[in-house]
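In: sequence and predicted structure, then a few things I'm wondering about:
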Amino acid sequence: LASMLFLHLCRRRALLGVGAILAGTSGVSFTPARARSAEPPRRTVVFYVASSLDGFIAGPGDDLSWLGGREDAVVGKVENANMPEIDYDAFYAGVEYTVSGSRTHDWVAAQGVDDPYPTSKNYVLTSHAAERKSGQRAQFVDESPEALVRRLRDETDEPGRARGAVWVVGGGRIATQLLVAGLIDVVEVFVHPVMLGSGSPLVTPELGEAKVNLRLRKATPVKNGIVHTVYDVVR
């Protein structure tokens, strides 16, 4: 849920004072495949999400009031004003597919967020796909997260369509299953200056004992006390 509303708030940063990492500096680089070989490289799979410092992507009762950080979380308004903003649009420009659970999809729809992913192909995982009406904005599929992401990652390029990333929107359980399966390449988290104590975790118990090692690519302080972190998953 957090990532869905977070991107919407990023677009409405005039209301929250939230922006983006300077244009073109998103942590994940998506380069269209070149005709250097018969087999193009697999698409990058990225988990891009907002989180509290103690690892929750939503508070109790799906509370997201903390998203966007706080101006007083930075020492001085002048310092905060000079910090880079969050550029969601730069990230989304490199996304070809999104993957989310039905709960996340339905929650966003209930908030009146109109067409949050207008240029990507969007897939919603649900065990009731036959009862849901797919359309241009979303395809409802009854697949495991692992099967769907493998399929999208290796999908043949469409003529005239730029190759991009697979964005795992969430929630945390789906992302955790994909981490355990070794299908996520990059974890990109906007860590907020708040501890929630409980709520929806960034990583769920499905992780079990499957430790996932990460390599820090960058950590960038941005406005309102948020830290933009980018990790590569170590195979």
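Out: Yes, it's here.

In: element containing the residue nearest the centre of the chain, please.
Out: Among the residues of the chain, Tyr48 comes closest to the average C-alpha position under CA atoms, centre = their mean, at 2.5 Å. Element membership of Tyr48, judged by DSSP states H and E, is strand 45-52.

In: in its sheet, what does that strand sit against?
Out: Listed by DSSP bridges, the sheet partners of strand 45-52 and their directions read strand 165-170 (parallel), strand 186-192 (parallel).

In: can you pull the buried residues of it?
Out: By neighbour count, with 16 or more other CB atoms under 10 Å as the criterion, the buried positions of strand 45-52 are 45-52. C-beta here means a position set from N, CA and C on the backbone, and glycine is covered the same way.

In: give the next helix or strand downstream of that strand.
Out: Counting by DSSP H and E, the element after strand 45-52 in chain order, helix or strand, is strand 56-58.

In: show me where the protein dips below the pLDDT cut-off.
Out: When residues are selected by pLDDT under 70, those of the chain lie in 1-40.

In: which residues in it form strands?
Out: 45-52, 56-58, 95-101, 121-125, 139-141, 165-170, 186-192, 200-201, 214-221, 227-233 (DSSP state E).

In: okay, the first one in CSV with CA atoms only?
Out: Okay, so that is strand 45-52. Below are the C-alpha coordinates for strand 45-52, written out as CSV (Å, rounded to 0.1, in the frame of the first residue of the first chain):
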residue,chain,number,x,y,z
VAL,A,45,13.2,-6.6,-11.2
VAL,A,46,13.1,-3.9,-8.6
PHE,A,47,11.2,-3.6,-5.3
TYR,A,48,10.7,0.2,-5.0
VAL,A,49,8.9,1.2,-1.8
ALA,A,50,8.6,3.6,1.1
SER,A,51,9.3,2.4,4.7
SER,A,52,9.5,3.6,8.2
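
In: got the contact list for that strand?
Out: Contact with strand 45-52 is made by 2-3, 6, 28, 57, 59, 66-67, 91, 149, 153, 165-170, 175, 178-179, 183-192, 194-196, 199, 202, as judged by CB atoms under 8 Å, 6 or more residues apart in numbering.

In: angle of that strand against strand 227-233?
Out: Using axes from the mean of the first three to the mean of the last three CA atoms, to 10 degrees, one finds that strand 45-52 and strand 227-233 are set 140 degrees apart in direction.

In: any idea how far strand 45-52 is from the chain center?
Out: 4 Å (CA atoms, centre = their mean, to the nearest Å).
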